[in-house]
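>>> sequence first, predicted model second:
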Amino acid sequence: MSHADESAFDRYRADVERPLARLFREYGTSRTRWLVAGLLANLVAQAASLLPPVVLGEAIDALFGETTTAYTLPFVPQSWIPATAEGQFWFSVALIAGSFVVTGVFTWVYGVVANQFAHDVMHAVRTDSFEKLLRLDMTFFDDKQTGEVMSILNNDAGNLELFLDNALMNSLRLVIMVGGIAFVLFSLNWQLALVTLVAIPAIVVFTLWFMRVVAPRYRARQSATAGFNTRIENGISGVELVKTTGSEGYERERVRDASRGVFETTMSVLRLSYFYRPGMELLAGLSFAATFLVGGYWLFTGTAPGPLTGTLEVGTFVTFIFMTQRFVAPLAEVSNIVDQVQNARASAERVFGLSDIPVSIEDDGDAVELRDPEGVVAYEDVSFAYRDVFGETASDTVLEDVSFDAEPGETVAVVGETGAGKSTLLKLLLRLYEPTAGTVRLDGHDVRDLTLGSLRDAVGYVSQDTHLFDGTIAENVRYGRFDASDEAVRRAAKAAEAHGFITELADGYETRVGERGVKLSGGQRQRIALARAVLSDPPVLVLDEATSAVDTETERAIQRSLDRLSADRTTLVVAHRLSTVVDADEILVLDGGAVVERGSHEELVSRGGAYADLWNAQTGAEASVEAGDD
Ligand SMILES: Nc1ncnc2c1ncn2[C@@H]1O[C@H](COP(=O)(O)OP(=O)(O)OP(=O)(O)O)[C@@H](O)[C@H]1O
């Protein structure tokens, strides 16, 4: 499989080694005290819960039978045990009551502690994953796997929580129960204990087999779930397109297929679980039946059956029966534990798969903080091709040997046919991508040497597709400059010719813009984005078709205020409508990523080249539209 066919997740997820061990290393060690407290509380609770059957068995033999034996208890010094039968009876009552109290209190403690531990880890996994997402290169998002990503933050973090809270504590309970019970049974009667515990190796082998067989099915289920999330996410975010093209049936089919994938992969896990769970119950039940058969026969006949030797007391037999019952329940839980462990393993692989995706665009140790930027921009022989997340070239050359300078107060316009590389050229200044050759400089610094924060603070950027967050207009203008005063927000809106329409809205600056700003028109959204870019008063303004969606009248007004704004700033602007760039100090005409012409509007028109053709086509077109309007 070539990299192009493989998602970044698949690649890095496959390389994650021992994901659950890594979970403990990365998230458990800093929370060891919670883990240890949980373990200890669990240990005490389980140990205390083993006491009543032992005391009961001892009481039967020492106090209730016709022929009584001496009252002894494992781990309890003989000097603590009262000498009289009555004293021993009350001692037994106290021990049984006490053990229930201890079990109750410590079960509560371990519940609280385990919850705290597990939810704290889940919180950390979520926030770390989100933080990592924000650091990832744009190339990652160009592959757009929103559904996968949402799955990590939701399902996977949840699976890990369930594992730490439930599976981990339950498996400890299981180990303590089985270990503790085995210990007690062996100390009471090792021969009968062998009979009782003979099923344990079979249970272990059966469980290991199940885990091995079910693991790939879990992985398949998780990917199917992530794929389903992606489908849903795409269907909903593109709902307008779905409706306007009447594609509801098509989308329904696609979601149905994705959902069927989840259904089938889930069923393939469940089919094994159906088999495993009764298998475990059967093995646990066999152990109980064997104990009852052998112990019962021993008591019934009064002689040790088969190769067994010695005597068996009724009380010991009762303790055995109670104890065997005790481990049937936790053993039946094993299938749930295995379920959660497998789920958690696949989820941890995905969490760490994400965290292992390399980030190439970030501050390195000696990045320079750009202070008091002037806004001198220089592109020196810049070439560029898009790369994929694996660092391999993913597109043809998009920019080739582009050089230009822009000083404060100057405007450089980039024009050219669609796909010529104009937007890409601007993005390199913000270091959303890095050139494959050549250097982009701001105030003489290679942008790669500057801290991303100070670089991006110095550049106000309005992209081609403006994004607004759900919130008020004021919040959207303030985005990125969260401490800006109301007055500053208004000033920025005025500069972007947005103040007028904002004040006409019922709630003015407090109007909610809806998901992605859908409650505003395209032109209104652009003006808010422009206001956002000018709010911070950056020395460099980068406008990628910032006024393409507004009417000519508004565009002229914006142009006038931009002229004022750009008087002492460096402005890089991409425009399709050439009328907006006639005053630019330099116009670069891009064709196939290379600058084919450069100069002022007048120079380029008089040269009669590509720009002049574009200009004539546009002014001619405008003239005919106006003629048509008349
Ligand atoms: N994220 C990406 N990954 C791979 N190739 C890309 C990516 N973005 C753009 N391209 C390709 O790079 C080329 C230049 O795109 P760019 O958006 O810079 O063009 P443009 O001149 O701004 O076009 P337009 O005028 O239509 O906005 C196009 O061929 C496009 O297919």
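That came through fine.
>>> partner strands of the top strand by length along the chain and their direction?
Across the chain, the longest stretch assigned as strand under DSSP state E is strand 393-406. According to DSSP bridges, strand 393-406 forms sheet pairs with strand 377-387 (antiparallel).
>>> pretty sure Arg448 is touching Arg431, no?
Yes: in this structure Arg448 lies within contact range of Arg431 using CB atoms under 8 Å: 6.9 Å. Bear in mind the C-beta positions are built from the backbone N, C-alpha and C, glycine included.
>>> more crowded one of the two?
More neighbours surround Arg431 than the other of Arg448 and Arg431, with 21 against 17 (other CB atoms under 10 Å).
>>> my guess is that one contacts Ser454, does it?
No: Arg431 lies out of contact with Ser454 (CB under 8 Å); the separation is 11.3 Å.
>>> and Ser395, how close does it get to Asp544?
18 Å (CB to CB, to the nearest Å).
>>> please apply the same query to Ile473.
Ile473 is 22 Å from Asp544, by CB to CB.
>>> more crowded one of those two?
Taking other CB under 10 Å, Ile473 and Asp544 do not tie; Ile473 has more neighbours (26 against 21).
>>> and the more buried one, what pLDDT?
pLDDT recorded at Ile473 is 90.
>>> who in the stretch 1-150 of the chain is up against the ligand?
Within the stretch 1-150 of the chain, the positions adjacent to the ligand are Asp142 by CB under 6 Å from any ligand atom.
>>> show me where the stretch 401-550 of the chain has its helices.
Assigned by DSSP state H, counting those that start in this stretch, the helices in the stretch 401-550 of the chain fall at 422-429, 452-457, 473-478, 486-495, 499-504, 522-535.
>>> can I get the fifth one in CSV? Just the C-alpha atoms.
Once non-C-alpha atoms are left out, helix 499-504 reads as follows in CSV (Å, rounded to 0.1, in the frame of the first residue of the first chain):
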residue,chain,number,x,y,z
HIS,A,499,-20.1,48.7,11.5
GLY,A,500,-23.0,49.9,9.4
PHE,A,501,-24.6,46.5,8.8
ILE,A,502,-23.8,45.3,12.3
THR,A,503,-25.6,48.2,14.0
GLU,A,504,-28.6,47.5,11.8
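>>> same for the helix or strand harbouring Ala258, what does it pack against?
Per DSSP states H and E, Ala258 falls inside helix 248-301. Under the contact definition 3 or more CB pairs under 8 Å, 6 or more residues apart in numbering; DSSP states H and E, helix 248-301 sits against helix 190-197, helix 199-237, helix 314-356.
>>> what angle separates the shortest one from helix 248-301?
Here the directions of helix 190-197 and helix 248-301 differ by 160 degrees (axes from the mean of the first three to the mean of the last three CA atoms, to 10 degrees).
>>> and the average pLDDT for helix 190-197 is what?
90.
>>> so what touches that helix?
Under the contact criterion CB atoms under 8 Å, 6 or more residues apart in numbering, helix 190-197 has outside partners 182, 185-186, 287, 290-291, 294-295, 298, 304, 308-310, 312, 316-317, 320, 323-324.
>>> quick one: the helix holding Ala258 to helix 199-237, angle?
160 degrees.
>>> quick one: contacts of stretch 299-310?
With CB under 8 Å, 6+ apart, stretch 299-310 has contacts from 189, 191-192, 294, 297-298, 311-312, 314, 317.
>>> and the residues you listed as CSV, adding neighbour count and distance to the ligand?
CSV is the format used below for the contacts of stretch 299-310 (neighbours: other CB atoms under 10 Å; distance: CB to the nearest ligand atom, whole Å):
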residue, neighbour count, distance to the ligand
Asn189, 22, 73
Gln191, 17, 73
Leu192, 23, 71
Val294, 22, 72
Tyr297, 16, 77
Trp298, 23, 77
Thr311, 11, 82
Leu312, 23, 77
Val314, 14, 79
Phe317, 23, 75
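>>> looking at those, which is nearest Ala157?
Leu192 (46.6 Å; CB to CB).
>>> hang on, Asp405 packs against Glu380?
No: using CB under 8 Å, Asp405 is not in contact with Glu380, being 9.0 Å away.
>>> so where do the helices sit in the stretch 51-200 of the chain?
Taking DSSP H, counting those that start in this stretch to define them, one finds helices in the stretch 51-200 of the chain at 51-59, 85-135, 138-142, 146-151, 157-162, 168-188, 190-197, 199-237.
>>> what mean pLDDT does the fourth one have?
This predicted structure assigns helix 146-151 an average pLDDT of 74.
>>> same deal with the shortest one?
Mean pLDDT, computed over helix 138-142, is 81.
>>> report the buried residues of that helix.
Residues of helix 138-142 classed as buried: 139-140 (neighbour count, 16 or more other CB atoms under 10 Å).
>>> what does that helix contact?
Contacts for helix 138-142 (CB under 8 Å, 6+ apart): 8, 357, 361, 386-389, 394, 427, 432-433.
>>> the longest strand of the chain versus helix 422-429: what angle between them?
Orientation check (the same axes, to 10 degrees): strand 393-406 against helix 422-429 gives 80 degrees.
>>> average model confidence for strand 393-406?
Here the average pLDDT along strand 393-406 is 87.
>>> same deal with stretch 163-175?
Stretch 163-175 comes out with an average pLDDT of 83.
>>> can you offset everything so residue one is 55?
New numbering, starting at 55: the last item is stretch 217-229.
>>> buried residues, it. List them.
So for stretch 217-229, counting by 16+ other CB under 10 Å, buried means 217-228.
>>> stretch 556-568 too?
By 16+ other CB under 10 Å, the buried positions in stretch 556-568 come out as 556, 559, 563, 565, 567.
>>> how far off centre is that stretch?
The chain centre lies 34 Å from the centre of stretch 556-568; the measure is CA atoms, centre = their mean, to the nearest Å.
>>> assumed Val70 was part of a strand.
No: secondary structure of Val70 (DSSP: H, G, I helix; E, B strand; the rest coil): coil, not part of a strand.
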